[in-house]
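Novice: below are the sequence and a predicted model; questions follow.
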Amino acid sequence: MTGAGVFHYKRNSIGPAQVLILAVLCTGFVMVAYPLFWVLMSSLKTTEEITLNVWAFPAEPQWQNYVNAWNRGISGYFVNSLIVTLSTIAGVLSLSSLCAYGLSRYKTPWLKYVLVVVMGGMMLNPQVCLVPLYGILTRLGIRNTYLALILPYVAFRLPLNTLLIRSFFLSVPKEIEESATLDGCGSLQIYGRIFLPMSRPILLTSAILTAYYAWNEFLFAIIFIDSNKYRTIPAGLMSFRDALQIDWGPLLAGMAISAVPIMIFFISVQKHFVRGMMAGSVKG
């Protein structure tokens, strides 16, 4: 050896397994990202460009498509979707966390039957309930209102989120609860001051899952709402087409606008989403 010294670096060899995993990940990324990229590019094209050359880039970006989409009702649909989604998240998180707290901390002979009922709710297909739900909402006089969407959304998201949050609550040490009881805390105080602050990752995970469902749900929104005053974005986009022609530019611009809030929300809390999914699957 000569000079100050020689440092030898050992390179990590990439085997066939790593290459296969990388190929699968790249394929998955392309499958997810390309449709979004195509929507964004097509939203900046005229209807003629979209029709004649689907795969080409826009010759001149048509930013007016976004202005037209916003002025043709997307602004109102956006506000409606925001109201419905935030209300659904608040209802699901409050009810499912309370149910999860009771199912995780109180032991009764009926617990296993209650869990069976909760899991049965996960297997209930929303499409099967369309006719009875329509009749119930009509009799209650809340069809064609925000509640016509919020109440069914909350009901159908409760089972999954209750089980997820319960799994997280089961991992909370009982010693913490016992210490709080000795300090004079009641059940609701323990729930509000100990369990909720500790369960932030799983609550954010539930919020993401609920927001994705409520923001993109189409079937209930198109059947239970008749007036444009209460339509959400998925149902409102139907007004951009008629029997003879579809104005593709504003329609795709509206789709791009509808995708932005969920993307921003997920990216901002993605680390909590991963932590919550891992924590919520530890115990059952």
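Specialist: Looks like it came in fine.
Novice: longest helix of the chain?
Specialist: Ordering each helix of the chain by length in residues (DSSP state H) puts helix 75-105 first.
Novice: pull the distance from it to the chain's centre.
Specialist: From the chain centre to the centre of helix 75-105 is a distance of 11 Å (CA atoms, centre = their mean, to the nearest Å).
Novice: what does stretch 252-260 give?
Specialist: The mean C-alpha position of stretch 252-260 is separated from the chain mean by 16 Å, CA atoms, centre = their mean.
Novice: quick one: buried residues of that stretch?
Specialist: L252, A253, G254, M255, A256, I257, S258, A259 (16 or more other CB atoms under 10 Å). All C-beta spots, glycine's among them, are computed from the backbone N, C-alpha and C.
Novice: spatially, what comes nearest to the fifth one if we skip its sequence neighbours?
Specialist: In other words, A256. S43 (4.9 Å; CB to CB, 6 or more residues apart in numbering).
Novice: packing partners for the helix or strand R139 falls within?
Specialist: According to DSSP states H and E, R139 maps onto helix 130-140. When contacts are defined as 3 or more CB pairs under 8 Å, 6 or more residues apart in numbering; DSSP states H and E, helix 130-140 sits against helix 147-170, helix 219-223.
Novice: in it, what counts as buried?
Specialist: For helix 130-140, by 16+ other CB under 10 Å, it's L133, L137.
Novice: is it correct that A59 falls within a helix?
Specialist: No - counting by DSSP: H, G, I helix; E, B strand; the rest coil, A59 is not found in a helix; it is coil.
Novice: what's the burial count for it?
Specialist: As a burial measure, A59 scores 11 neighbours (other CB atoms under 10 Å).
Novice: surely it and I50 touch.
Specialist: No - with contact defined as CB atoms under 8 Å, A59 does not count as touching I50 (11.7 Å).
Novice: and L147, how far from V154?
Specialist: 10 Å (CB to CB, to the nearest Å).
Novice: same check, this time on Q62
Specialist: 39 Å.
Novice: so between these two, which is more surrounded?
Specialist: V154 (22 against 19).
Novice: now the helices and strands packed on helix 130-140 in a markdown table, with distance to N71 and mean pLDDT?
Specialist: Putting the helices and strands packed on helix 130-140 into a markdown table (distance: least, CB to CB, whole Å; pLDDT from 0 to 100) gives the following:
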| stretch | distance to N71 | mean pLDDT |
| --- | --- | --- |
| helix 147-170 | 24 | 91 |
| helix 219-223 | 21 | 91 |
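Novice: ranking those by burial, who's on top?
Specialist: helix 147-170 (a mean of 22; mean count of other CB atoms under 10 Å).
Novice: for it, which helices and strands make contact with it?
Specialist: helix 75-105, helix 111-122, helix 130-140, helix 200-216, helix 219-223, helix 270-279.
Novice: at 7 Å what do you get?
Specialist: helix 75-105, helix 111-122, helix 200-216, helix 219-223 (3 or more CB pairs under 7 Å, 6 or more residues apart in numbering; DSSP states H and E).
Novice: just the buried residues of the first one, please?
Specialist: Across helix 75-105, burial judged by 16+ other CB under 10 Å covers 76-78, 80-81, 84-85, 87-89, 91-93, 95-97, 99-105.
Novice: swap in stretch 54-61?
Specialist: P58.
Novice: list the residues that contact the closest residue to F169 other than its chain neighbours.
Specialist: Excluding the flanking residues, the one nearest F169 by CB to CB, 6+ apart is S104, at 3.9 Å. Contacts for S104 were tallied using CB atoms under 7 Å, 6 or more residues apart in numbering; they are R166, F169, L170.
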